[in-house]
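In: predicted model follows, preceded by the sequence.
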Amino acid sequence: MKATLLHPWHKEAGARFAPFAGYDMPIQYRTGAVEEHRLCRRSAGLFDIDHMGQCIVSGPGAGGALSSLVSGAILDMKPGEARYNLLLNDRGGIIDDLFIYRLEEGPLGGGGYGKDPWFVVVNAGNKEQDFLWFSDRLPRSISVRDISGETYMIALQGPRAVELLDHLAEKEPGKGNGLVSAIPRSGMRKITLGGIPVLAGRTGYTGEDGAELYYGADQALVLWELILVEARARNIELGPVGLAARDSLRFEAGMPLHGHEIREDISPLEALLSWACDFTKEFTGKAALTAQKAAGLTRKLATVTVSGGVPREGYRVLNGEGAEIGTVAAGMFCPTTGTYSANVFVAPEYAVTGTKLAVEIRGLPKDAEVVKRPLYVPVYRRS
């Protein structure tokens, strides 16, 4: 079992641990997962997510080669921009979902990233598989450099997250504003926080504003504690958030989790992620998706609220006549809405908002209703 470099800090803070993607990860702290969820919604939460993986894909033509392997458009991105993407197999199934950032070119010896560099962030349980997929399918002239070991990754999310980071950020002489608030949504920039060089991406997995921070692993604890100290000095409510609340936060915001809403036997069309696919270009899995679209879907992701119990993964979903029509992909209590809710895969005719269904809990059917997704509209989608 692996552990992140902050494992001793989490233990001292009273975290409860559980295995996740081969790591002994903090699931919740003394206040409990529901309070951690609410803290992130009302102020700010700090997440140790260094179990995730990062690599740099670079070399002449790296962008075009990478584009052929991922589902979405990336070649129109400018340096400093980020975009959500999917890595698909030939059958159109989802190997992983990724965040791809376009970096500025620069000589490797001078702290740059080389020619046509791209920064790719992948899920913890898939990083070895993903990097091997890239290496096997990209031309030999393209470098795939796994920087997960030398890079530390944390996230600060919530309504006051950017404000807090701005207090730590340093203005860069001759380069303009180094503040996190100056980074556009879904953007990335090199900044300095408390004297520590950081790649800051204004992205996240909670539905809140904030940033995901990448910096030298040798500074893992230093920056983590600097953020906590700065929050206390600024009277900004902040605390660590474990994986349990991270799951409920992403669930409410309609974001998928690999192994649940997305897997190698689930397509983007079934998972409501066709918006992440650019059908005007060629990419692995496109032919299978085109054929699936023409034939029509046999199942589709929907969200239901459930009365009378907690819907768990694998529970049966029933129609009005009691016949099984699908299964639960993920289910839980949602603190923001105060509901027991589930993501389910059912035939498309049952995925319509307002449809009355049931979820079988401990052998008994419990009333369920299809509701509008997402349960919590992410801050960046409000206008």
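Out: It's in.
In: what's the closest residue in space to residue 272 that isn't next to it in sequence in contact with, if anything?
Out: Among residues not flanking residue 272 along the chain, residue 301 sits closest, at 5.0 Å (C-beta to C-beta, 6 or more residues apart in numbering). Any C-beta I mention is one placed from the backbone N, CA and C, and that applies to glycine too. Contacts of residue 301 were listed using C-beta atoms under 8 Å, 6 or more residues apart in numbering, and they are 261, 270-272, 329, 343-345, 351.
In: residue 356 now?
Out: Shown in contact with residue 356 (C-beta under 8 Å, 6+ apart): 320, 367-369.
In: got phi/psi on it?
Out: When read as degrees, to the nearest 10, the backbone of residue 356 gives phi -90, psi 130.
In: for it, name its beta-bridge partners.
Out: residue 369 (DSSP bridges).
In: what pairs with the longest strand along the chain, parallel or antiparallel?
Out: For the chain, the strand with the greatest residue count under DSSP state E is strand 324-334. Strand 324-334 has its sheet partners listed here by DSSP bridges as strand 316-318 (antiparallel), strand 339-346 (antiparallel).
In: residue 169 contacts residue 180, correct?
Out: Yes - between residue 169 and residue 180 there is a contact under C-beta atoms under 8 Å: 5.8 Å.
In: the two: who's more crowded?
Out: Taking other C-beta atoms under 10 Å, residue 169 and residue 180 do not tie; residue 180 has more neighbours (27 against 22).
In: which of the contacts of residue 301 ranks first by neighbour count?
Out: Busiest of the contacts of residue 301 [other C-beta under 10 Å] is residue 344, holding 30 neighbours.
In: about what we covered before: may I have the longest strand of the chain exported as CSV, CA atoms only?
Out: In CSV, the C-alpha atoms belonging to strand 324-334 read as follows (Å, rounded to 0.1, in the frame of the first residue of the first chain):
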residue,chain,number,x,y,z
GLU,A,324,-35.4,-4.7,-13.4
ILE,A,325,-34.4,-2.0,-15.9
GLY,A,326,-30.9,-1.0,-14.7
THR,A,327,-28.5,-0.7,-11.9
VAL,A,328,-27.1,1.9,-9.5
ALA,A,329,-23.6,3.2,-10.6
ALA,A,330,-23.1,5.4,-7.4
GLY,A,331,-25.4,6.4,-4.6
MET,A,332,-25.1,8.4,-1.4
PHE,A,333,-26.5,11.1,0.9
CYS,A,334,-26.1,14.5,-0.7
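In: pLDDT averaged over that strand, what's the number?
Out: Average pLDDT, strand 324-334: 98.
In: how far off centre is it?
Out: 20 Å (C-alpha atoms, centre = their mean, to the nearest Å).
In: for the stretch 151-300 of the chain, which residues score under the pLDDT cut-off?
Out: By pLDDT under 70, the low-scoring segments of the stretch 151-300 of the chain are 172-176.
In: now the helices for it?
Out: Using DSSP state H, counting those that start in this stretch, the helices of the stretch 151-300 of the chain run over residues 161-168, 220-233, 243-252, 286-295.
In: next: the stretch 1-150 of the chain.
Out: Assigned by DSSP H, counting those that start in this stretch, the stretch 1-150 of the chain shows helices spanning 7-12, 33-42, 62-67, 127-137.
In: re earlier: quick one: which of the contacts of residue 356 is nearest residue 288?
Out: Ranked by distance to residue 288 (C-beta to C-beta), the contacts of residue 356 are led by residue 368 at 31.1 Å.
In: sorry, back to before: what's the closest of the helices of the stretch 1-150 of the chain to residue 324?
Out: Closest among the helices of the stretch 1-150 of the chain, once you apply C-beta to C-beta, is helix 33-42, at 30.7 Å.
In: could you check the angle helix 243-252 makes with the host helix or strand of the residue nearest to residue 272?
Out: Assigned by DSSP states H and E, residue 301 falls within strand 300-306. Angle of strand 300-306 versus helix 243-252, following axes from the mean of the first three to the mean of the last three C-alpha atoms, to 10 degrees, is 110 degrees.
In: partner strands of strand 300-306 and their direction?
Out: Sheet pairing of strand 300-306 (DSSP bridges) gives strand 339-346 (antiparallel), strand 364-371 (antiparallel).
In: so which bits of the longest strand of the chain are buried?
Out: Under the neighbour-count criterion of 16 or more other C-beta atoms under 10 Å, strand 324-334 has 325-334 buried.
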